[in-house]
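A.B. asks: Pasting the sequence and the predicted coordinates here, then a few questions.
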Amino acid sequence: MSFLSLFTAAPLAPPQPAPAASTSAAPENRMKFLEIINVSKHFNHPTKGKIEVLSNISLSIKKGEFITVIGHSGCGKSTLLNMVAGLDLPSSGSVCFKEKEIMKPAPERAVVFQNHSLLPWRTVIGNVMLAVNAVFKDKTKKERVERAEHWLTVVGLKDHLHKFPHEISGGQRQRTGLARALAMGPELMLFDEPFGALDELTRSQLQDESLRLHFEEHLSVFMVTHSVDEAIYMSDKVVMMNNGPNASIGKILEIDCRNTKFGKGVSLRIRLIDPSRIRAIGKDA
Amino acid sequence: MLNKIILYLNVLGLTWFVPPLKMVCGQDVAYEAKRFVRMIGLPLIAVVIFLFLWHVIAGQVKIKGQTLPGPVEVTAAAGKMYRDYQASQENYVTYQADFAKAQTEYPQMSETELRELMPYTAAPTYLDQIWTSLKTVFTGFVIASLIAIPLGILCGMSAAAFEMINPFIQVFRPVSPLAWLPIVAIIVGATMADVPANSFWAKSYVVAAVVVTLCSLWATLINTANGVAQVDKDYLNVAKVLNLGWFGTVFKVVLPSALPQIFNGMRLSIGVGWMVLIAAEMLSQNPGLGKFVWDMYQSSSDDTLAYIMVAVLTIGIIGFVLDRIMIALQRMVSPGAMLNVR
Amino acid sequence: MSTASLRLRHLIAGLALMCGATSASAAASETAAAPVVFKEYVLASPKPNLAKIKANKIEKPVLKFGIIKLTDCVPIVVARELGFFAEEGLSVSIEVQANWKLIVENTVAGSLDGAHMLAGQPIGATIGYLGQADMITPLSMDLNGNAATVSTKLWAQMQEREPRLKEPGHAHPISAASLLPIAKERAAGGNPLRFAMVFPVSCHNYELRYWLAAGGVNPGFYEGYNDPVGKRDADVLLSVTPPPQMVQTLTQNTIDGYCVGEPWNQQAVKDGVGVPVFTDYYIWKNNPEKVFGMTKLFADSNPNTVVAITKALIRAGHWLDENRDNRVKAVEMLANKAYIGANPDVLGASMLGTFEFQKGDKRDLPDFNVFYRYNATYPLPGHAVWYLTQMRRWGQIPGNKSDSWYHETATKIYRPDIYRAAYAKLQEEKLIPEATLPADDLPAFAGEDFIDKIAFDSKKPNDYLKLFPIGLK
């Protein structure tokens, strides 16, 4: 399932200045959803001194978009995601969610971790209830349980509600993580290489599920992965990062493609921002 | 159903019962039979060899005109102790009968009043002494846990707190109970109000329990701190994303995650505490197993050594049982441990 | 009278004496020859007579007494096991204590109501030596009952200096003079002789010192009320060891000798590690040994209870001295693991009137333990005065005191008034036969009774102190 073969031939469109807003988004939501403005991050290495991991990253995401950041391992994409989540703070620049600077994590920016991060002493539904109880304190117990059960059914775990994480498979655990994030009722879903630990078959299953949810529930998703196929399959926009240190955004690929299974028809519109980058990717693929 | 029973037997450490159970249910009879023979047979052979060697060596060592007690003499001593116990049980029956008679003679007095005037005054039996030892070690252990677990959580969560408390841990942990005992005895003797004879909170009991606390709290403290400090970062991230707050994080994520380590620490603590208890009892004269060994040592009669060996075996077996109980408890709170049991 | 009839009379007297002696020794050897068979004793469960509680207005019927593993705790044991306490309405439990210090501490703290104590303990505690607590004793538990043992090595050295000790059946008492050159040598070599006794105010301490001083050896002086060691100017070092550990420390060569009650001297003989050199009978015939002590507070708050306790203990003492069979039964009681637990043969040796000085050298000492005869149970203030003089002699009492001080202190601590009240009640209830109680609470004791022949008049303690060549005045 590779569109790349199409690209190695010739550029399809002339280069355009970066970043460009996607014209496929609905025009009603003009408020800035997620803005990453000139973000840099450096760490202090004990022996090597100051290491700059990210340099001047700027990105904006609109509501309802599925955006993926790809890059080699260690280029700093997880760091970027952590800053969007609020688990880390930028050294300079700012990350703004709905025009407010992100200072700390919140359930409105739910995270799906690479390691499912399920609490092993709680059952499947227990883990989801942890999230629901934390976010929906004012709802009744019954409503909260219903909510948790609903999302678990959506991800297909209706028969495994009372099992413990060590009793279910890897794919099921990741689904639980997904359900937990969804049950929080978030505005933005953050996927941190969510399917990296799974086998190919489960992976494609879960990719399809996530896409389905994105379409049905109108989720906004910010994903980080190192699988190009996955990025292109699932996202509206693919942001390519250079290698670290001093990683910055290379090019952004906008994909306007709807899969026939879920979408409303087939059309393929791809806009590239920097054609020279594509050849580099093509070589590596 | 059978599998559930087997699971529980495994968790409780009663793995020896699993093969017979399976054989009775007709599962894998040949395989289970072989497994059972190996499970029981090998330790049994070792025990027989040990008894034989003990018997031979004991016969060679001469003390004061006798030889060291071998397995035969020790069994005989155990038999004598049992007969002593039966005799004191008969005494107790006599006492009960006398008490009943006294009740009829003095109907106007309530039972507690009568019990106060006519208490059971015989010396404690061996079983009473075992029970006193167990009570003392549990008191010391519970106090130690109540101090060590909160302190350990604090140390695990705050590096600053750990830096401050660590020097004390390192300096006080290696101190032997025999060194603590005089200090504790003097402080308790001076500060505790004089208790009447026959009271539950005898000073010797408090002294022994405090010494047990001082020596056994370090294991729980260190393990709790480690368990708390080693909470998976991912779990903490989940807690952060959910905005659980300090209390929520500690009670819903940190503590449950650290529970297996905490129980591991408690298991080590009770092992140390049991050893310390015997020494503490010898010196504080708390009427438990330690005092029993000490009194036997001072008796200098012909079968003293055999009695002491019976006491040593008792102490060892009780320590083993306590350890097993803690292991079972630890397994029960460890998620996934139920599946990974040997 | 003609010389012939005189000589005849002497001959008959001599023959009579010889017959008497042979018959006595025959009787002795008969009793010695027939080995006693001790039976295992099962502890009794005495039922207290509750009616007596009201009748005698007992304030505290449930009591706990402490004992040390020594044969002379036996009056307390007997009083419990034979029900003497129970007949007074008292429920008594007995708890073995690890050492003499704990006995006093627990009695003062209240976890024991009364205890088997060294005669000097109530005295030392009341005058403030090593801690102050007002204590009294209404009853003396026994006379004599101690011995001192030296290690076989030291005995061999003593035999070198005094060859007569090598003869079997040598006469007792043995003087410490043969020890003096050995002590000087060892002290000069930096490794002085070490002796153990059970407590700084125990009669063993004073007897050991008395014996050493009588032989010219200086046992050291104390520096007043807070000095527990007492080794100023000492030729030999004295230290404290709990009685049951004496034999072990002797075997391990930590000490060269000790002075303690039974069975620990006979145990050393049995184990072949020591040789007794004196019994306190030779130091001072019928000396006060153990008492039943309690705090003054307890005695003042529970007067009727104290009288009841004293009654039971007098009866126990009387029973013990009544006949030999009772002594056998007492030994069986002591052999029970709840009390001393040592071998009955070892316990029985001294309790049945013999004492083995070396393996095979058994001598008759019928008065080794005296529990009732010679007014053994009467708490004689004269005895207390003797203790006070010895405390002054060795410096535990720092300054010189007047005679009246000695008398006042002694009568404060030793309470014959309580004893007489108990005795009167026993006579009323016809529980013991009549006996003559001492007329004078502060009598004089003859010089022959002492090893160094110095007479003791309890009315003149300061004059007595002046008579000792070694000792403060």
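C.D. replies: Okay, I see it. Numbering: from 1, shown residues only, chains lettered A, B, ... in the order given.
A.B. asks: In what element of secondary structure is residue 239 found?
C.D. replies: No chain specified, so I'll use chain A. Following DSSP states H and E, one finds residue A:239 within strand A:237-241.
A.B. asks: other chain: chain C
C.D. replies: strand C:237-240.
A.B. asks: try residue C:207
C.D. replies: helix C:203-214.
A.B. asks: buried stuff in that helix?
C.D. replies: Using 16 or more other Cβ atoms under 10 Å in any protein chain shown as the test for burial, helix C:203-214 gives C:203, C:204, C:205, C:206, C:207, C:208, C:209, C:210, C:211, C:212, C:213, C:214. Every residue, glycine included, has its C-beta placed from N, CA and C.
A.B. asks: Over to stretch C:402-416?
C.D. replies: Neighbour counts over stretch C:402-416 (16+ other Cβ under 10 Å) mark C:406, C:407, C:409, C:410, C:411, C:412, C:413, C:414, C:415, C:416 as buried.
A.B. asks: from those, which is closest to residue C:359?
C.D. replies: Using Cβ to Cβ, residue C:414 is the member of the buried residues of stretch C:402-416 that lies nearest residue C:359, at 40.0 Å.
A.B. asks: Contacts only, for the closest one.
C.D. replies: Shown in contact with residue C:414 (Cβ atoms under 8 Å, 6 or more residues apart in numbering or on different chains): C:122, C:136, C:137, C:379, C:380, C:381, C:383, C:384.
A.B. asks: Let's see the pLDDT reported for the third one.
C.D. replies: If you check residue C:137, the pLDDT there is 93.
A.B. asks: beta partners of it?
C.D. replies: Counting by DSSP bridges, residue C:137 forms beta bridges with residue C:414.
A.B. asks: Next, count neighbours for it.
C.D. replies: Close neighbours of residue C:137, defined as other Cβ atoms under 10 Å in any protein chain shown, add up to 26.
A.B. asks: Quick one: residues contacting it.
C.D. replies: Applying Cβ under 8 Å, 6+ apart, the residues contacting residue C:137 are C:117, C:119, C:122, C:291, C:292, C:293, C:294, C:379, C:413, C:414, C:415.
A.B. asks: If you count contacts, what does the strand holding residue A:239 end up packed against?
C.D. replies: strand A:66-70, strand A:249-257 (3 or more Cβ pairs under 8 Å, 6 or more residues apart in numbering or on different chains; DSSP states H and E).
A.B. asks: I'd like the average pLDDT over the helix or strand just after the strand holding residue C:239.
C.D. replies: Next along the chain after strand C:237-240, taking DSSP H and E as the criterion, comes helix C:246-251. Throughout helix C:246-251, pLDDT has a mean value of 89.
A.B. asks: Any idea how far whatever helix or strand comes next after helix C:246-251 is from the middle of the chain?
C.D. replies: As assigned by DSSP H and E, the chain's next helix or strand after helix C:246-251 is strand C:257-261. Strand C:257-261 sits 11 Å away from the centroid of its parent chain (Cα atoms, centre = their mean, to the nearest Å).
A.B. asks: The closest residue to residue C:254 other than its chain neighbours: neighbour count?
C.D. replies: Distance criterion Cβ to Cβ, 6 or more residues apart in numbering or on different chains; nearest residue to residue C:254, sequence neighbours excluded, is residue C:194 at 7.3 Å. Neighbours of residue C:194 under the rule other Cβ under 10 Å: 17.
A.B. asks: so who does residue C:194 touch?
C.D. replies: Residue C:194 neighbours (Cβ under 8 Å, 6+ apart): C:236, C:237, C:238, C:239, C:254, C:255, C:256.
A.B. asks: And the furthest pair within those residues?
C.D. replies: Using Cβ to Cβ for every pair in those, the one that comes out farthest apart is C:236 and C:254, at 14.3 Å.
A.B. asks: one step back: which stretch in the helices and strands packed on strand A:237-241 is the model least sure about?
C.D. replies: Among the helices and strands packed on strand A:237-241, strand A:249-257 scores lowest, with a mean of 67.
A.B. asks: Among the contacts of residue C:137, which lie within helices?
C.D. replies: C:122, C:413 (DSSP state H).
A.B. asks: Drop anything exposed from the contacts of residue C:137.
C.D. replies: When the contacts of residue C:137 are checked for burial by 16+ other Cβ under 10 Å, the buried set is C:117, C:119, C:122, C:291, C:292, C:293, C:294, C:379, C:413, C:414, C:415.
A.B. asks: Identify the residues contacting the fifth one.
C.D. replies: Residues in contact with residue C:292, defined by Cβ under 8 Å, 6+ apart, are C:75-76, C:114-117, C:137-141, C:309-310, C:313.
A.B. asks: quick one, phi/psi of residue A:50?
C.D. replies: phi -80, psi 130 (degrees, to the nearest 10).
A.B. asks: what pairs with it across the strands?
C.D. replies: Going by DSSP bridges, residue A:50 is paired in beta bridges with residue A:44.
A.B. asks: burial count for it?
C.D. replies: 9.
A.B. asks: so how far is residue A:95 from it?
C.D. replies: 21 Å (Cβ to Cβ, to the nearest Å).
A.B. asks: Residue A:182 is in contact with residue A:213, correct?
C.D. replies: Yes. Using Cβ atoms under 8 Å, residue A:213 makes contact with residue A:182 at a distance of 7.0 Å.
A.B. asks: Those two: who's more crowded?
C.D. replies: residue A:182 (23 against 20).
A.B. asks: which element is that one on?
C.D. replies: Applying DSSP H and E, one finds residue A:182 within helix A:170-183.
A.B. asks: Could I get the buried residue list for that helix?
C.D. replies: In helix A:170-183, counting by 16+ other Cβ under 10 Å, buried: A:171-183.
A.B. asks: Report the mean per-residue pLDDT for it.
C.D. replies: Helix A:170-183 shows an average pLDDT of 89 in the prediction.
A.B. asks: Tell me the first helix or strand C-terminal of that helix.
C.D. replies: strand A:188-192.
A.B. asks: Which residues does the helix or strand just after that following strand contact?
C.D. replies: Per DSSP H and E, the first helix or strand lying C-terminal to strand A:188-192 is helix A:200-217. By Cβ under 8 Å, 6+ apart, the residues outside helix A:200-217 that reach it are A:66, A:154-156, A:169-171, A:174-175, A:178, A:182, A:191, A:194-195, A:198, A:219, A:221, A:230, A:233-234, A:259, A:261-263.
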